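Undergrad: I'll drop the sequence and a predicted model, then ask my questions.
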Amino acid sequence: MILPARNEEGAVARVIAEVREALCGWPGTWEVVVVDDASTDATARASESAGARVIRRTERGGYGMAVKAGMQGTCGRLVALLDADG
């Protein structure tokens, strides 16, 4: 599951918890990947604390670039996207 995010410190942990709960019964392996699009808040730290792997972009590229970075940074056969603000 890829969650593109920019300045979502206040919402991202809740969304990650909901995703993890929804996927806990999914067969096989899965991961939650947050792509931090050059946030100026603690989005990355909150995401890691909630159990997600974080890909950090140092320059803001927007939603499309965050999605692309997430797709390039995962190796699963199936990939899903969800906005980090829920």
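TA: All right, it came through fine.
Undergrad: and the helix or strand harbouring Pro4, what does it pack against?
TA: Take DSSP states H and E as the rule and Pro4 turns out to sit in strand 2-5. On a contact count with 3 or more CB pairs under 8 Å, 6 or more residues apart in numbering; DSSP states H and E, strand 2-5 meets helix 12-23, strand 33-37, helix 43-49, helix 62-72. Bear in mind the C-beta positions are built from the backbone N, C-alpha and C, glycine included.
Undergrad: pLDDT (mean, whole number) over that strand?
TA: In this model, strand 2-5 carries a mean pLDDT of 97.
Undergrad: ok so, going back, okay, the helices and strands packed on strand 2-5, which one's buried deepest?
TA: strand 33-37 (a mean of 27; mean count of other CB atoms under 10 Å).
Undergrad: which elements pack onto that strand?
TA: Applying 3+ CB pairs under 8 Å, 6+ apart, we find strand 33-37 packed against strand 2-5, helix 43-49, strand 53-57, helix 62-72.
Undergrad: any idea how far the shortest one is from the chain center?
TA: Taking CA atoms, centre = their mean, to the nearest Å, the mean C-alpha location of strand 2-5 is offset from the chain mean by 4 Å.
Undergrad: which residues are contacting it?
TA: If you take CB atoms under 8 Å, 6 or more residues apart in numbering as the criterion, strand 2-5 is touched by 12, 15-16, 19, 32-37, 39, 43, 47, 52, 63, 66-67, 70-71, 74, 79-85.
Undergrad: SS state for the residue lying farthest from the centre of the chain?
TA: Ranked by distance from the centre of the chain (CA atoms, centre = their mean), the top residue is Pro27, with 20.3 Å. Assigned by DSSP: H, G, I helix; E, B strand; the rest coil, the conformation of Pro27 is coil.
Undergrad: residue nearest the middle of the protein, spatially speaking?
TA: Taking CA atoms, centre = their mean, the centroid of the chain lies closest to Val34, which sits 1.9 Å from it.
Undergrad: coming back round to it: quick one: closest of the helices and strands packed on strand 2-5 to Arg6.
TA: The minimum distance between Arg6 and those falls on strand 33-37, with 4.3 Å, by CB to CB.
Undergrad: now the helices and strands packed on strand 33-37 as TSV including distance to Leu23?
TA: Below are the helices and strands packed on strand 33-37 laid out as TSV (distance: least, CB to CB, whole Å):
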stretch	distance to Leu23
strand 2-5	13
helix 43-49	16
strand 53-57	14
helix 62-72	16
